[in-house]
Each structure stands twice: as C-alpha cells, then as structure tokens.
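Novice: Attaching a predicted model along with its sequence, questions to come.
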Amino acid sequence: QVQLVESGGGLVQPGGSLRLSCVASGTIFTIIYDMDWYRQAPGKQREFVATITRGGSTNYAGAVRGRFTIARDNDKNTAYLQMNDLKPEDTGVYYCNAAVSRLPSGQSYQYWGQGTQVTVSS
C-alpha cells in the first residue's frame, strides 16, 4: 500500500518562504507518474496548485505561477514544493497526490497524503 507523507508546513509571515516535501513509501513494484500539490483553505474546496510528471514537466495554477516551484527526486520517491513570496491567501492545508501504476498489471491508482498546514500571517 502506497502512503504519502507531507511535511514542511508551518506559520510564516507574508513575503516569507516554505518548502514542502512529500515522501512516498510502500512503492515496491510500482511506478509513480504525476505528482501533484493541492490545497484547501478553510471553508473552500480543495484546489490544484502544481503538478510534475515523472520526466519533470511542470504546470501551475495561475495564482502561484512565478512564486511556487515544484520539483521531484524519483530515486527518493519525493516531491517538493518551494513556496516563495507567500501571501495570506496561500493559507490552507496542502495535500500531495500521486498517480501510481502497479506492476506488472499496469493498473493505476491515485493516492493522497494527510496534508500539512501552511499559515501565512503577520
């Protein structure tokens, strides 16, 4: 069973930076394809933040483009989200999502982490 564990959240002042990590475990006999970050602010729906393919291609939500950078280390089964110039509206729980293919069947699954809280406030 694949598990995703996020870390790196916390309280930061506006304009500050944080780096989130998402580590996947239980990945024997699997291939991890896209890894994504989502976030959910209080009282709002979960929204897409950024995605990265296994090959390193990236895409971002308009609200974070130019401030956030997604990266991954396939050898460590880890994705990162570097968040710079944070704003109060970036506050929320940040979730990692991974698309995983099981070998040898090739059947695909989506997995979510439990989330890490990011609070941007002065």
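Specialist: Thanks, I have it. Since the structure is predicted, the reported quantities are computational estimates derived from the model, not experimental observations.
Novice: Give the bridge partners for the residue nearest the centre of the chain, please.
Specialist: Centroid-nearest residue in the chain, with CA atoms, centre = their mean: residue 37, separated by 2.9 Å. Residue 37 has these beta-bridge partners by DSSP bridges: residue 50, residue 96.
Novice: doesn't residue 98 make contact with it?
Specialist: No. Checked against CB atoms under 8 Å, the pair residue 37 and residue 98 is beyond contact range at 10.6 Å. Quick note: C-beta positions are derived from backbone N, CA and C, even for glycine.
Novice: which residues do these two both contact?
Specialist: Jointly contacting residue 37 and residue 98 under the rule CB atoms under 8 Å, 6 or more residues apart in numbering are 22, 79.
Novice: how near is residue 39 to residue 122?
Specialist: Here the criterion is CB to CB, to the nearest Å. By it, residue 39 lies 20 Å from residue 122.
Novice: Between those two, point out the one with more neighbours.
Specialist: The neighbour comparison of residue 39 against residue 122 (other CB atoms under 10 Å) goes to residue 39, with 23 against 8.
Novice: Can you tell me the element the more buried one falls in?
Specialist: Residue 39 belongs to strand 30-40 when assigned by DSSP states H and E.
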